[in-house]
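**Q** let's see this in three dimensions:
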Amino acid sequence: MLYIGAKIVVYSRQLTIVDFADTFTRNRLQKKTERTCAMIKPDAFLNAGKIVNAIVRSNLRINQLRMCKLTQQEAAQFYAVHSERPFYPKLVDFMSSGPILAIEIVGEDAIAKWRSLLGPTNSETAREERPDSIRAKFGTDNTMNAAHGSDSDETATTELDFFFGSGRVGQCANLSDCTLCIIKPSALVAGYQGLAIDQILQNFNVTAMELFRLDRANAGEFFEVYKGVVPEYNSMVDELISGDFIAIEISESGGNPVSALREFCGPADPEIARVLRPKSLRAQFGVNKVQNAIHCTDLPEDGELESNYFFNILIS
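**A** Presented below is the predicted three-dimensional model:
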């Protein structure tokens, strides 16, 4: 968790790492913080959890993550370098046809490692030469090839700015008929985020997803409804500010998915969940009542409020 931009908690104080302490530390560690832009394309979006899990298992760190639904103009802008190629119109149509997941990956030789995980550009070639690669498993052809990876430092910088800069391209949250799911920091530290995302995508309609870091004031505000009601309130706030977490909006047209998600997550105490609901997310990934892997909206009337807090108020 020690990297530039990370927020860590030491004796209940949240600290942000802003720079290397000295030149020696910078020279030793900077090469371990190469950045690249990964993008899971529309054809593989439902397998995004499996791909995220592959990233985590490869000892690469996910520093930013957000779900987007690109317009044709945004897709054309991202692939402008290919504008003179014959496949460009088809590529733009495809990339604006459904949701994508943009990810900033950080680690030693991140660009080369991610491209190695991807395999050959053509999915058919990947199945022949690298059957264990991401494109071999989840891609279809040369265009619908599951995922994208930057090819250089300069390209990575440009592509990361496109997705994570001030422009906020591809906004896709519904903010109505929805509920909120949070994969908590302790679950991310344990490496469970990909496994949890996979199960959620296979069972619900996900309409927004993003990695967040909160300070104590915002975390306390989000959990305000529990203050004075549950004895774990302070510990819940401490857990939420202890590291990165992933917020997910789940929508149901004309309905309210709050109760369905709560049932899927299981009882708040993982020990009870393992007895009563052994296949639930908290039973699989939770440790205790605070580090129980998942927060989900409790009350039907709070689903839209919680989603708006993350996907409207915090990012505006």
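
**Q** where does pLDDT dip in this structure?
**A** Within the chain, the ranges that satisfy pLDDT under 70 run 1, 5.

**Q** what residues go with each domain of it?
**A** For the chain, the structural domains run 32-164, 178-313, going by automatic domain parsing.

**Q** closest to residue 10 out of the ones you listed?
**A** Residue 10 lies closest, by Cβ to Cβ, to one member of the domains of the chain: domain 178-313, at 10.5 Å. Backbone N, C-alpha and C define where each C-beta goes, glycine included.

**Q** endpoints of that closest one, how far apart?
**A** The separation between the terminal residues of domain 178-313, taken as Cα to Cα, to the nearest Å, is 16 Å.

**Q** before we move on, the earlier item: and the domains of the chain as a markdown table, adding mean neighbour count and distance to residue 25?
**A** A markdown table is the format used below for the domains of the chain (neighbours: other Cβ atoms under 10 Å; distance: least, Cβ to Cβ, whole Å):
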| stretch | mean neighbour count | distance to residue 25 |
| --- | --- | --- |
| domain 32-164 | 19 | 11 |
| domain 178-313 | 19 | 21 |
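
**Q** let's have those domains in CSV, adding distance to residue 15.
**A** Supplementary listing: those in CSV, determined by distance: least, Cβ to Cβ, whole Å:
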stretch, distance to residue 15
domain 32-164, 17
domain 178-313, 11
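
**Q** quick one: closest of these to residue 172.
**A** In this view, the domains of the chain are compared for proximity to residue 172 by Cβ to Cβ, and domain 32-164 is the closest at 4.0 Å.

**Q** that closest one: end-to-end distance?
**A** From its first residue to its last, domain 32-164 covers 21 Å (Cα to Cα).

**Q** find out how far that domain is from the centre of the chain, if you would.
**A** Averaging C-alpha positions (Cα atoms, centre = their mean, to the nearest Å) puts domain 32-164 14 Å from its chain's average.

**Q** how about stretch 249-262?
**A** Offset of stretch 249-262 from its chain centre (Cα atoms, centre = their mean): 20 Å.

**Q** likewise for stretch 244-264?
**A** Between the centre of stretch 244-264 and the centre of its chain there are 16 Å (Cα atoms, centre = their mean).

**Q** please apply the same query to stretch 228-247.
**A** On Cα atoms, centre = their mean, the centre of stretch 228-247 falls 19 Å from that of its chain.

**Q** let the chain start at 865 from now.
**A** Let's use 865 as the start, then, which means that last one is stretch 1092-1111.

**Q** can you give me the end-to-end span of that stretch?
**A** Here the two ends of stretch 1092-1111 are set 24 Å apart, with distance taken as Cα to Cα.

**Q** go on, stretch 1105-1120?
**A** In stretch 1105-1120, first residue to last residue: 28 Å (Cα to Cα).

**Q** stretch 1117-1133 too?
**A** Between the start and the finish of stretch 1117-1133 there is a gap of 30 Å, counting by Cα to Cα.

**Q** quick one: contacts of that stretch?
**A** For stretch 1117-1133, the surrounding residues in contact (Cβ atoms under 8 Å, 6 or more residues apart in numbering) are 1041-1043, 1045, 1064, 1067-1069, 1114-1116, 1137, 1140-1141, 1144-1147, 1152-1153, 1156, 1158, 1160-1164, 1166-1167.

**Q** mind checking which of the residues you listed are in helices?
**A** Assignment to helices by DSSP state H places the following of the contacts of stretch 1117-1133 there: 1064, 1067, 1137, 1140, 1145-1147, 1167.

**Q** which one of those residues is nearest to residue 900?
**A** Proximity of these to residue 900 (Cβ to Cβ) peaks at residue 1064, which lies at 25.3 Å.

**Q** spatially central residue for this protein, please.
**A** Note on the chain: the residue nearest the mean C-alpha position is residue 929, at 4.2 Å, using Cα atoms, centre = their mean.

**Q** distance of that one from residue 937?
**A** Distance from residue 929 to residue 937, counting by Cβ to Cβ, to the nearest Å: 23 Å.

**Q** quick one, strands of the stretch 1065-1180 of the chain?
**A** Secondary structure of the stretch 1065-1180 of the chain by DSSP state E, counting those that start in this stretch: the strands cover 1070-1076, 1109-1115, 1158-1160.

**Q** residue ranges for the strands of the stretch 915-1064 of the chain, please.
**A** Taking DSSP E, counting those that start in this stretch to define them, one finds strands in the stretch 915-1064 of the chain at 925-932, 964-971, 1011-1013, 1042-1047.

**Q** could you report the separation of residue 1062 from residue 918?
**A** With distances taken as Cβ to Cβ, residue 1062 is found 11 Å from residue 918.

**Q** for residue 988, see how far away residue 1055 is.
**A** If you go by Cβ to Cβ, the gap between residue 1055 and residue 988 works out to 31 Å.
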